[in-house]
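Novice: Kindly generate the corresponding structure for this input.
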Amino acid sequence: MQLRRLPLPLAFLLLSFCRNSEAPINTTNPPPPSAQSVSVLTQHNDNNRSGWNDNEQALTTSNVNVQQFGLVFTLLVDDQVYAQPLVAGHVMINGNYHNIVIVATVNNTVYAFDGDNGTLYWQKNFTAAGMRPPQRFDMTGACNGGYQDFSFNIGIVGTPVIDAGTGRMYFVARSTDGTTFVQHLHAINIVDGTEALGGPKLITASYDGSGDGSVQGMINFDPQKQNQRQGLTLVNGTVYVTFSSHCDWGPYHGWILGYDAASLNQKVVYNDTPNGYAGGLWESGMGMAADAQGNLYVVTGNGTVGDNGDPTNSINRGSSALKLTPNGASLSVASYFTPSNYQLLNDYDLDYGGMGALMIPNSNFYLTGAKDGTLYLLNKDNMGGYVQSSNHVQQSVPLGGNDANMHCQAAYYKSGTREFVYVWSENDPLRAIPFDRASNLLSPESETVATVAGPIGQSGAILSVSSNGNQAGTGILWASYAANGDAEHDVRPGVLRAFDANDVSKELWNNLQNPSDAGGTYAKFAAPTIANGHVYLPTFSNRVAVYGLR
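Specialist: Predicted coordinates for the structure are as follows:
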């Protein structure tokens, strides 16, 4: 994993905005600048989607406790935060270097705060002129008119991505006047929020196909029904944006659109069910994984499998893990896996594609999960295809029962002697499952299970990890979830917990131990970001709670 500083050319970009004194709430004596300047520029830290910051030098298993660690300041924003906060380290603003944290809201507002003391440097709203953000009430056909997956506004939802080389951040903002719906890809300068590259770029697309919603052999992108839920992916100069739906309100499809990061020109259009239906890209908000060669790894949701009666046909690949390779103006399926019981999973809403999937770093293996509580470890170059009688995968690990619906984001960590994947689905305990390099298999028989109460209902825990490399006593697993109740459709109180990453039976701290550390309501599928001695916890309470040493 590479955690990069922003380049020195940004040092020549200065900012002279006045501070909005009403936005952050700081302690009486704001903390000094951090000695660290680590950046977290994409959802779950890297294109493996590991969720691991392996360069955290301040927080340890010894000092993250209720006596030494807690809420140090709060960043107030104008609406709920669905996107993971991003951190850019060592950015020149007002003649000095700062670590900045960038927060986007569903009101289409983006904020840049000082990551060490909460000072607001700038804020801008990116709703299209004369419009407003869409609202859940605008999704008139979703859930038979009772759509509640969002509380109200549906503006910026997917986590943005920052290009370390240029200091530009890319994100999708949605707007409507109540009749016309639009989605725009923005590229902005993180120093002052100004639009770059002549943006924003209106998102449009069409794809040959006879599937749901097609007109004369063509499927057109629907900016109202297509939900930009996953984090964006930046790899080899291309920004990829993916789409799912609102409560399976059709017609919809799983779209992947690629844009030139230097011009915003559309380069790639891919539809995963052009002769079928559905196949949305969800992964509990986690971004697509990507390798250094530019191959993409993603899991599709319920939808058509195969074409013309052949379930192995690559044309329609709902309910599948995919390795996608750039091929001209589109993507080709280089390898795939579809569970042998995909039809049963679809029929009972236990389909593939709900859990955030990650590539195990420095390996050929891709960890995925289906809503029936089964983990699938796949060889990313030979995923296993579809075989009706059995699953030809590297390994399958049943977690037990259908209550573990896997609406969660897994994470990864490697200590000096062992490495783990962590999964904490709803209605199931936190599991730390070792990965064995000798066999290239998970070792569920050696897993460690946390004993604290976990998430219930239909939203599991969102996990992140911090450590100072593999130094003993520095590995910490962070978990954010609803403290009680079902967070699928309701806004619930949240809890942030910290565990020893080498032994998750040992809880170090949680933000309910001290009433002054409470963060607010749980932000569904928005991961906590750990950088430079701080934990940035997004919430649905119109704020980001920032924790650190006191």
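Novice: residue ranges of the helices in this protein, please?
Specialist: In the chain, the segments counted as helices under DSSP state H are 342-347.
Novice: Might you list the low-confidence residue ranges for it?
Specialist: 1-32, 401-403 (pLDDT under 70).
Novice: As a quick check, tell me the outermost residue of it.
Specialist: The centre of the chain is farthest from one residue, Gln216, which by C-alpha atoms, centre = their mean lies 35.7 Å away.
Novice: For that one, give me its contacts.
Specialist: By C-beta atoms under 8 Å, 6 or more residues apart in numbering, Gln216 lies in contact with nothing. In this view, the C-beta of every residue, glycine as well, is placed from N, C-alpha and C.
Novice: And it, how far from Tyr277?
Specialist: 18 Å (C-beta to C-beta, to the nearest Å).
Novice: and if you look at Ala88?
Specialist: From Ala88 to Tyr277 the distance is 40 Å (C-beta to C-beta).
Novice: measure Asp212 to Ser320 for me?
Specialist: Separation of Asp212 from Ser320 (C-beta to C-beta) stands at 17 Å.
Novice: More neighbours: which of those two?
Specialist: Neighbours were tallied for Asp212 and for Ser320 using other C-beta atoms under 10 Å; the higher tally belongs to Ser320 (29 against 19).
Novice: Contact partners for that one?
Specialist: Applying C-beta under 8 Å, 6+ apart, we find Ser320 in contact with Val299, Thr300, Val305, Tyr336, Phe337, Thr338, Tyr342, Tyr352, Tyr386.
Novice: Gln293 now?
Specialist: With C-beta under 8 Å, 6+ apart, Gln293 has these contacts: Asn236.
Novice: Strands of the stretch 151-300 of the chain, start to end?
Specialist: 161-163, 168-176, 181-189, 201-202, 206-208, 218-220, 233-235, 238-243, 255-260, 266-271, 289-290, 296-299 (DSSP state E, counting those that start in this stretch).
Novice: now the ones you listed in JSON lines, with mean neighbour count and distance to Gly457?
Specialist: Formatted as JSON lines, the strands of the stretch 151-300 of the chain follow (neighbours: other C-beta atoms under 10 Å; distance: least, C-beta to C-beta, whole Å):
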{"stretch": "strand 161-163", "mean neighbour count": "23", "distance to Gly457": "30"}
{"stretch": "strand 168-176", "mean neighbour count": "25", "distance to Gly457": "27"}
{"stretch": "strand 181-189", "mean neighbour count": "22", "distance to Gly457": "29"}
{"stretch": "strand 201-202", "mean neighbour count": "16", "distance to Gly457": "37"}
{"stretch": "strand 206-208", "mean neighbour count": "15", "distance to Gly457": "36"}
{"stretch": "strand 218-220", "mean neighbour count": "16", "distance to Gly457": "34"}
{"stretch": "strand 233-235", "mean neighbour count": "23", "distance to Gly457": "29"}
{"stretch": "strand 238-243", "mean neighbour count": "26", "distance to Gly457": "25"}
{"stretch": "strand 255-260", "mean neighbour count": "23", "distance to Gly457": "29"}
{"stretch": "strand 266-271", "mean neighbour count": "21", "distance to Gly457": "32"}
{"stretch": "strand 289-290", "mean neighbour count": "26", "distance to Gly457": "27"}
{"stretch": "strand 296-299", "mean neighbour count": "27", "distance to Gly457": "22"}
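Novice: Leaving out the residues flanking it, which one is nearest to Ile154?
Specialist: Closest residue to Ile154 in three dimensions, ignoring its sequence neighbours and counting by C-beta to C-beta, 6 or more residues apart in numbering: Pro134, at 4.6 Å.
Novice: From Asp372, how far off is the one you found?
Specialist: 32 Å.
Novice: swap in Ala187?
Specialist: 40 Å.
Novice: thought Met288 was touching Thr238?
Specialist: No. With contact defined as C-beta atoms under 8 Å, Met288 does not reach Thr238; the gap is 11.5 Å.
Novice: beta partners for the residue nearest to Tyr547 when sequence neighbours are not counted?
Specialist: Take Tyr547 and drop its neighbours on the chain: the residue closest to it by C-beta to C-beta, 6+ apart is Val535, 4.3 Å away. Going by DSSP bridges, Val535 is paired in beta bridges with Ile530, Tyr547.
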